[in-house]
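Asks: Next comes the sequence, and after it the predicted model I'd like to discuss.
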Amino acid sequence: MIKRLAVVIIICQFVNLLICQFAIAQDMQSISLRKGNMEMSVINYGARIQTLKFAGQDMVLGFDTLSHYAQKKQNFGAIVGRYIGRIIGGKLPISYLNETPNHNKRSTCKGKGEAFIQLQVGNNGDCSHGGTPGFSQQYWTITSHNDSTCSLRFVSPDGENGFPGELTLDVTYTLQHDALRIDYSATTTKPTVLNPSNHSFFNLSANLGDTVLDELLWINSDSTALYNSSKQVTGKLANVTDTPFDFRQPTAIGSRIGSNNEQLLVTKGYDHCYKLRNSRPLVTPVARLSDLSTGISMEVLTTEPAMQIYTANSHNGSLKGKQGIPYIKQNAICFETMHFPDSPNNPQWPTTLLRPGETFRSTTIYRFSLISD
């Protein structure tokens, strides 16, 4: 009798799982785009890039089955927000929100008596990637699409995860002949902060299960934001000269990733925010990734002042992605174009404040070519 009951329970659990997967799949929509040498698919869950192909080769991590995006915790291809990175302690200073457009010098008061809005915090005590659920875990509305363009919208309610203001964020993916362009546009009903970014994991090797350690990386940057031992930015920048963070000449990602460097030991690989030298936004690239085995190169152009480089240090092979491939440690690299983490508490960094009546705009382009071109 007990064995029969156990079998019935297992069957019921399996049926419930199938029903759940079906319900998730029913809510998810996928749009296919194509232009020139580019192909991609976009899903409405997290406004994610599911596939991105150049010359027929898929270059981003993800899943073949749509429901896996909701069932497995990750940010593959997603739009992350309201605030990518951390806001330390989840503290959003009210003085920061009250700054006026003509306020040229940002407030520097960070004392115990300063009033703040308490945002949702995670196990690390900080508000990470905008809290849970973040934009990557929400169903977006597909507002328009054609053969090469798809626009999606998410309306974040006033007070979601503690953030003030109803925020309307529109993201448009546009395929060009050899590139993907991402445009962001947002408005708010109350003063708030906004720092969205796309969290695609790139691998140009033609095998998403291989590491990217042999791929060559160039970054147009002289400095990175420093962490403390808890991986919280300190508000200080460090020059990259004579450190493993200097990619001002194309360098293999893996050549110094295991160095006995204090900052690398905190993150077990690259997971750092670079201050970009970006005097000609969308005209000259700020980064380039090249794979000599496939001959594919990708350039990053952006309007943003900073970029987080992350080398998938937490992957350990337990998560299986497209075609059942185990995603091993450092099998991808992310180029998260953004403002700095915790900038509301660091007045020396560019502001992420968005006021009613203003429109937030940002653009990032991933441009591909064959090295022989």
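Replies: That came in fine, so what should we check first?
Asks: pLDDT weak spots in this protein?
Replies: Counting by pLDDT under 70, the chain shows low-confidence ranges at 1-26, 101-113, 373.
Asks: which residues of it fall in helices?
Replies: Using DSSP state H, the helices of the chain run over residues 2-27, 68-71, 94-97, 262-267.
Asks: Tabulate the CA atom coordinates of the last one in CSV.
Replies: Pointing back at helix 262-267 there. Provided in CSV are the C-alpha atoms of helix 262-267 (Å, rounded to 0.1, in the frame of the first residue of the first chain):
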residue,chain,number,x,y,z
GLU,A,262,44.0,40.5,-4.9
GLN,A,263,41.1,41.6,-7.1
LEU,A,264,41.1,38.4,-9.1
LEU,A,265,41.1,36.3,-5.9
VAL,A,266,37.9,38.1,-4.8
THR,A,267,36.0,37.1,-8.0
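Asks: Residues contacting it, please?
Replies: 224, 226-229, 231, 238, 243-245, 257-258, 270, 272, 313 (C-beta atoms under 8 Å, 6 or more residues apart in numbering). In short, each C-beta sits where N, CA and C put it, glycine included.
Asks: Looking at those, which is nearest Gly165?
Replies: Nearest to Gly165, judged by C-beta to C-beta, of the contacts of helix 262-267 is Lys231 at 28.2 Å.
Asks: how far away is the closest one from Gly62?
Replies: 25 Å (C-beta to C-beta, to the nearest Å).
Asks: who's more crowded, the two?
Replies: More neighbours surround Gly62 than the other of Lys231 and Gly62, with 26 against 16 (other C-beta atoms under 10 Å).
Asks: wait, doesn't the more buried one sit right on Phe76?
Replies: Yes - using C-beta atoms under 8 Å as the test, Gly62 is close enough to Phe76 to be in contact (4.5 Å).
Asks: who touches both of the two?
Replies: 48, 69, 201, 321.
Asks: Can you turn the buried part of the residues you listed into a PyMOL selection?
Replies: In PyMOL, a selection of the buried entries from these looks like this (16 or more other C-beta atoms under 10 Å):
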select buried, resi 48+69+201+321
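Asks: can you redo the shared contacts of Gly62 and Phe76 as JSON lines with distance to Ala179?
Replies: Compiled in JSON lines, the shared contacts of Gly62 and Phe76 are given as follows (distance: C-beta to C-beta, whole Å):
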{"residue": "Arg48", "distance to Ala179": "19"}
{"residue": "Tyr69", "distance to Ala179": "24"}
{"residue": "Phe201", "distance to Ala179": "18"}
{"residue": "Gly321", "distance to Ala179": "24"}
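Asks: of the shared contacts of Gly62 and Phe76, closest to Phe163?
Replies: Nearest member of the shared contacts of Gly62 and Phe76 to Phe163, counting by C-beta to C-beta, is Arg48, at 21.4 Å.
Asks: ok, now which ones touch the closest residue to that closest one other than its chain neighbours?
Replies: Leaving aside its sequence neighbours, Arg48 sits nearest to Gly77 (C-beta to C-beta, 6 or more residues apart in numbering; 4.0 Å). Contacts for Gly77 (C-beta under 8 Å, 6+ apart) come out as 46, 48-50, 52, 60-62, 198-201.
Asks: thinking again about what came up before, please list only the buried members of the contacts of helix 262-267.
Replies: Buried, going by 16+ other C-beta under 10 Å: 224, 226-227, 231, 238, 244-245, 257, 270, 272, out of those.
Asks: between those residues, which is nearest Glu39?
Replies: Nearest to Glu39, judged by C-beta to C-beta, of those is Tyr270 at 28.6 Å.
Asks: Please give me every residue in contact with that closest one.
Replies: Applying C-beta under 8 Å, 6+ apart, we find Tyr270 in contact with 245, 253, 257, 264, 309-311, 313, 333.
Asks: mind checking how far the nearest residue to Asn98 once chain neighbours are set aside is from Cys127?
Replies: The shortest distance from Asn98 to any non-neighbouring residue, by C-beta to C-beta, 6+ apart, is to Pro191 (7.0 Å). Applying C-beta to C-beta, the value for Pro191 to Cys127 is 17 Å.
Asks: the more surrounded of the two?
Replies: Cys127 (28 against 17).
Asks: The more buried one is in contact with Gly81, isn't it?
Replies: No - checked against C-beta under 8 Å, the pair Cys127 and Gly81 is beyond contact range at 11.6 Å.
Asks: if we look at the sheet, which residues does Thr302 bridge to?
Replies: Taking DSSP bridges as the rule, Thr302 bridges to Thr364.
Asks: any idea how far His339 is from it?
Replies: For Thr302, the distance to His339 (C-beta to C-beta) stands at 11 Å.
Asks: list residues touching both of those two?
Replies: Joint contacts of Thr302 and His339 (C-beta under 8 Å, 6+ apart) do not exist.
Asks: and Asn239, what does it touch?
Replies: Applying C-beta under 8 Å, 6+ apart to Asn239 gives the contacts 222-223.
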